[in-house]
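>>> predicted model and sequence follow; I will ask about them next.
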Amino acid sequence: MLSRFPLIDGHNDLPWAIRRRYASGGKSGLEAALDAAAVDKHAPGFHTDIPRLVEGGVGGQFWSVYVPGTPHVAETTMNDVLDVAQAPVIFSHSSAKAVCDSPRNVPDDVLRRLTANGGVCMVAFVPAFVSQDCADWLVGLKKEAGRRGIDPRDLAGVFAIMDEYQAVAPAPQATLSQVADHVERVRAIAGIDHVGIGGDFDGTPDLPAGLEDVSRYPALFRELTRRGWTEGQCKALAGGNILRVLRAAESYAAR
């Protein structure tokens, strides 16, 4: 299916993951990091590389950037943005708050406003955004980090104690089916023209069962097809909606 209409994903942290793992600073350091990562072939330790992007049917990718966007803001800020936006708004990697009560997810009232705005909510695969059990587990991990004097907002510090914490409190497993639930919730509230995919690969240490890396996007579309999604609806989700939003933004910018 994705060979007929390639997927355009809203967020992938591979550049940041490469920089964090390999770069020593400066242009030469970044170039060396790219060489070391060797993502032109299978790259163990990452969720993303060129062969797996091809296998996953990815035809376009928004890579991570280094300023906060709408997926990183409070509900009040989401509404503030929609109050003033004159072009469609993109939530590049957020899921549905009604399905999983995470502060990173978009509540139904904002999704309803997104319909009028013409924007798109691109569903993320991060377990703590997908599964309520995973979200609650992350709250516990952050509390343990705080108990140890680690700022809970310092995700690198929080994740540094994750393996130790899991030994006494095993992490639950999010699932592909739960991701599909989020996609369907966004469709139900905002409409089929306002949902997309923003997996956030390489921006999270764990991923839902069935969506372990970028080669696995077709599995999500098979699940949605099993649930009765038409090819036209899948095409809108995969890339049609975000392309419409980008064209609208370009049109507004050209005024």
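Happy to help now that I have it. Numbering: from 1, shown residues only.

>>> what about the strands in the stretch 51-200 of the chain?
All strands of the stretch 51-200 of the chain, identified by DSSP state E, counting those that start in this stretch, fall at 58-63, 90-91, 120-123, 195-197.

>>> roughly how far apart are the residue lying closest to Asn105 once chain neighbours are set aside and Pro88?
Distances taken as CB to CB, 6 or more residues apart in numbering place Lys97 nearest to Asn105, at 3.9 Å, with adjacent residues excluded. In this view, the C-beta of every residue, glycine as well, is placed from N, C-alpha and C. Applying CB to CB, to the nearest Å, the value for Lys97 to Pro88 is 20 Å.

>>> same question for Glu55.
Counting by CB to CB, the gap from Glu55 to Pro88 is 30 Å.

>>> so for the two, which residue has more residues nearby?
More neighbours surround Pro88 than the other of Glu55 and Pro88, with 20 against 16 (other CB atoms under 10 Å).

>>> the more buried one reaches Gly118, doesn't it?
Yes. In this structure, Pro88 is within contact of Gly118 by CB atoms under 8 Å, at 4.1 Å.

>>> any residues in contact with both of the two?
With contacts taken as CB atoms under 8 Å, 6 or more residues apart in numbering, Pro88 and Gly118 have 244-245, 248 as neighbours in common.

>>> quick one: contacts of stretch 151-168?
With contacts defined as CB under 8 Å, 6+ apart, stretch 151-168 is touched by 140-146, 148, 150, 171, 205.

>>> same question for stretch 105-120.
By CB under 8 Å, 6+ apart, stretch 105-120 touches 75, 78-79, 82, 85, 88-91, 94-99, 121, 129, 186, 189-191, 193-196, 241-242, 244-245, 248.

>>> filter these to the buried ones?
The neighbour-count criterion (16 or more other CB atoms under 10 Å) marks 78, 82, 85, 88-91, 94-99, 121, 129, 186, 189-190, 193-196, 241-242, 244-245 among the contacts of stretch 105-120 as buried.

>>> re the thing from before, can I get the contacts of stretch 151-168 in CSV including neighbour count and distance to Leu224?
Listed next are those as CSV, based on neighbours: other CB atoms under 10 Å; distance: CB to CB, whole Å:
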residue, neighbour count, distance to Leu224
Gly140, 12, 32
Leu141, 20, 31
Lys142, 18, 32
Lys143, 12, 36
Glu144, 18, 36
Ala145, 22, 36
Gly146, 13, 39
Arg148, 12, 41
Ile150, 16, 39
Ala171, 19, 26
Pro205, 13, 26
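
>>> now intersect those with the helices, please.
Using DSSP state H, the members of the contacts of stretch 151-168 that fall in helices are 140-146.

>>> tally of neighbours for Gly56?
When neighbours are counted by other CB under 10 Å, Gly56 registers 24.

>>> switch the strands of the stretch 51-200 of the chain over to a markdown table; also include distance to Arg255 and mean pLDDT.
Formatted as a markdown table, the strands of the stretch 51-200 of the chain follow (distance: least, CB to CB, whole Å; pLDDT from 0 to 100):
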| stretch | distance to Arg255 | mean pLDDT |
| --- | --- | --- |
| strand 58-63 | 24 | 95 |
| strand 90-91 | 19 | 95 |
| strand 120-123 | 21 | 97 |
| strand 195-197 | 25 | 98 |
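
>>> of the ones you listed, which approaches Asp13 most closely?
strand 58-63 (8.0 Å; CB to CB).

>>> chain center to the closest one, what's the gap?
Relative to the centre of its chain, strand 58-63 is centred 12 Å away, using CA atoms, centre = their mean, to the nearest Å.

>>> ok, it: who's next to it in the sheet?
When pairing is defined by DSSP bridges, strand 58-63 lines up against strand 7-12 (parallel).
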